[in-house]
Structure formats: C-alpha cells, structure tokens
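[1] Here is a sequence with its predicted model. Questions after.
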Amino acid sequence: MAKKKKISTNDIISFYMDFVLEHGEQPKTVYAFAKANNFEEQKFYEHFGSFEAVEKHVFVAFYHNTVSVLEKSEDYQSFDARNKLLSFYFTFFENLTANRSYVKYALEHHKNSLKGLSLLKDLKHAFTNYIEHLDIDLIDIKQEQIDRIQRRGLKETAWLQLLLTMKFWLDDTSPAFEKTDLFIEKSVNTSFDVLDVAPIRSLIDFGKFIFKEKIQMK
C-alpha cells in the first residue's frame, strides 16, 4: 500500500481546483477526495471544514499571492495610493487570468449576483482591509462619526468596483484581456479623480477665511 503523503493548504486547493475542472462538480465526499489524492481524510479537516471553505479560500489565496508579489517590489513601496491600487488590480487580474477556467466555473456555477456570493465573503474582508490601509485622502471633517461613514463608504464603493471589474473580465473576449486592462485604468483613475479633495479643501478653507473675516469686521 502506498504511503500516505503529507498535505498542505495549497495542495488541497490545487487538488480541488483540478477535480472540479475535470468533473464539473465538487467531489462527492471528503473521503473519496482524500483517497484519490493519496492523503488521509483527517488531514483535510486540519486545513478546511468543508469544500465550501476551500472555495472561499481559493479567492483569498489569489489576494494573498497578489499582495506578496507587490510587497517584494521596491517601486510599489514608493507609489501613492492611486498607483498602488492600479498595481494591485493588474496583478490580481493576472492571478485570475492564470486560473480563469476555475474562476469562471466557481463564479458562474452560482446563480446569485456576484455581490451575494458567499464564496467571495473572505475576499471582501481582505480587500476592504487593504483599501483601509492605503491611506486614501478624504476630507477631514474633524468629526469621528462622519469620518467613519466616509471610510465605510469608501470601502464598500471600492468593493463594488472590484466586483464590477470581475464581471467585466468574465465577459471580456478581447486578446490578452486588453479591454479589461483599459477598464481597470479608466475606472481606478476616475475614482481617484472623483475623490480628489484638494479643490474641496480649498473651498472649505476659503469659506473659513470669509467667515473669520466677516466676524472680525462686525
């Protein structure tokens, strides 16, 4: 009898992706899945509680692979928030494209809208945390409650933008997905142009100046 091999999280993910692409469905049981890949069933449960948990982790793995690549780049470290996010998008979608057959299966297999897909829940948490730590410049209202609302709105809008880009990429039939690259560039740049707070800050400062001068003239 062949000796059972050691197994890692990435091994299970790889075996799972291969299986669903070859069979068009999840394995029937964890036992059968483990036996087919020559590892003990209990080893599966050391990493995941179910096949659904594996599906969720696949998309988080794409995220972590993206961030890992970016953090090794000295250029990325010097970028502003706009260019960091552009770099994230291009690298993330390179990861998706390298695994396009699986991504299409996983997302199209579920009939819900992308926003409602439970398998993207962990990706949303990771991505919105990334957005939160980009230090995107927002208007400083100096009121904690309003600031929280701004930050929450920014994260939800950024997540929606990522979902829309994924939907565009799924439907993209252009060579090398060049239309998706254009979509990324235009949508991210437009978002930051809308968020440009410099003119608004100038207007607020001007308003403060007028108010102060008006008070002093009385």
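    It's in. Numbering: from 1, shown residues only.

[2] contacts and neighbour counts: CA atoms only from here.
    Fine.

[3] Would you point out which residue is most central in the protein?
    For the chain, F127 is the residue whose C-alpha lies nearest the centre (Cα atoms, centre = their mean; 4.3 Å).

[4] In terms of secondary structure, what does the lengthiest helix in the chain contact?
    Longest helix of the chain, by residue count under DSSP state H: helix 144-171. Applying 3 or more Cα pairs under 8 Å, 6 or more residues apart in numbering; DSSP states H and E, we find helix 144-171 packed against helix 121-132, helix 178-195.

[5] May I see those helices organised as JSON lines, with distance to L86 and mean pLDDT added?
    Shown next, in JSON lines, are the helices and strands packed on helix 144-171 (distance: least, Cα to Cα, whole Å; pLDDT from 0 to 100):
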{"stretch": "helix 121-132", "distance to L86": "12", "mean pLDDT": "93"}
{"stretch": "helix 178-195", "distance to L86": "7", "mean pLDDT": "85"}
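
[6] Need those in JSON lines (columns: distance to K84).
    Shown next, in JSON lines, are the helices and strands packed on helix 144-171 (distance: least, Cα to Cα, whole Å):
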{"stretch": "helix 121-132", "distance to K84": "10"}
{"stretch": "helix 178-195", "distance to K84": "11"}
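
[7] Please identify the buried residues of the longest helix of the chain?
    154-155, 158-159, 161-166, 168-170 (16 or more other Cα atoms under 10 Å).

[8] got the buried residues for stretch 13-20?
    13, 16-17, 19.

[9] So what touches that stretch?
    For stretch 13-20, the external contacting residues (Cα atoms under 8 Å, 6 or more residues apart in numbering) are 25-27, 37, 54, 58, 102.
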